[in-house]
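> What follows is a predicted structure for the sequence shown.
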Amino acid sequence: MIAASLGNKELLKLPKTAFLCSRKIPASVVLKCYDWAIEQRESGVCVISGFHSQIEKDVLHYLLKGKQPIILALARGLKEKVEPEFEKHLEQGRLLIISPFDKRTKRVTELTAETRNKLMIDIADNITVGYASAGGQLEKLLTSTASKQINKIQ
């Protein structure tokens, strides 16, 4: 359930592809993730992600260079002030920031990240995984997600 949002809520009606990736990722997968991001950007695909890990931040960097819609899902509540790099995209109506938490949740924890990831999986039409570390939280979450097809970049 989305507790808070900022931006164009109409983006939730679009077909969405969730991008998830473990924090630790083999070098061999990094460029594949970049190529995937550029492909999504050029295809106009609406991507939803936490954009929290370094590779997810890099993917966001590539996506922001396009015009396609983006949904940023936070593992904490919304901040009082929006990051300057997001202002233009919010004004253009191509960015939506969502959170399953209210503003009292200020820090990202393993539990809040898992809650955020479940939300993204629930509302996404497709799921793409850059890399899931063996035995990690993401792998465990994906194992319990049997109802949707999961595309793996690795």
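Yep, that arrived.
> Helix, strand, or coil at residue 17?
The three-state label given to residue 17 by DSSP: H, G, I helix; E, B strand; the rest coil is strand.
> Distance of the residue lying closest to it once chain neighbours are set aside relative to residue 85?
Of all residues not flanking residue 17 in the chain, residue 126 sits nearest, at 4.3 Å (CB to CB, 6 or more residues apart in numbering). C-beta: built from backbone N, CA, C; applies to glycine. For residue 126, the distance to residue 85 equals 26 Å [CB to CB, to the nearest Å].
> Just want to check the distance between the residue nearest to residue 14 when sequence neighbours are not counted and residue 129.
Spatial nearest neighbour of residue 14, excluding adjacent residues (CB to CB, 6+ apart): residue 46 at 4.5 Å. For residue 46, the distance to residue 129 equals 17 Å [CB to CB].
> same thing with residue 110?
18 Å.
> neighbours around residue 114, how many?
Look at residue 114: counted by other CB atoms under 10 Å, it has 15 neighbours.
> my guess is it meets residue 141, correct?
Yes: counting by CB atoms under 8 Å, residue 114 sits close enough to residue 141 to count as a contact (6.4 Å).
> before we move on, back to that, quick one: the residue nearest to residue 17 and residue 18 touch, right?
Yes: Residue 126 lies in contact with residue 18 (CB under 8 Å); the separation is 7.1 Å.
> of the two, who's got more company?
Between residue 126 and residue 18, counted using other CB under 10 Å, the more crowded position is residue 18 (24 against 16).
> and the strand or helix carrying residue 114, which residues are buried?
Per DSSP states H and E: residue 114 is located in helix 110-123. Buried residues in helix 110-123, defined by neighbour count with 16 or more other CB atoms under 10 Å: 112, 113, 115, 116, 117, 119, 120, 121, 123.
> With stretch 69-81 instead?
69, 70, 71, 72, 73, 74, 75, 76, 77, 78.
> Look at that stretch and report the distance between its end residues.
Using CA to CA, to the nearest Å, the span of stretch 69-81 from its first residue to its last is 21 Å.
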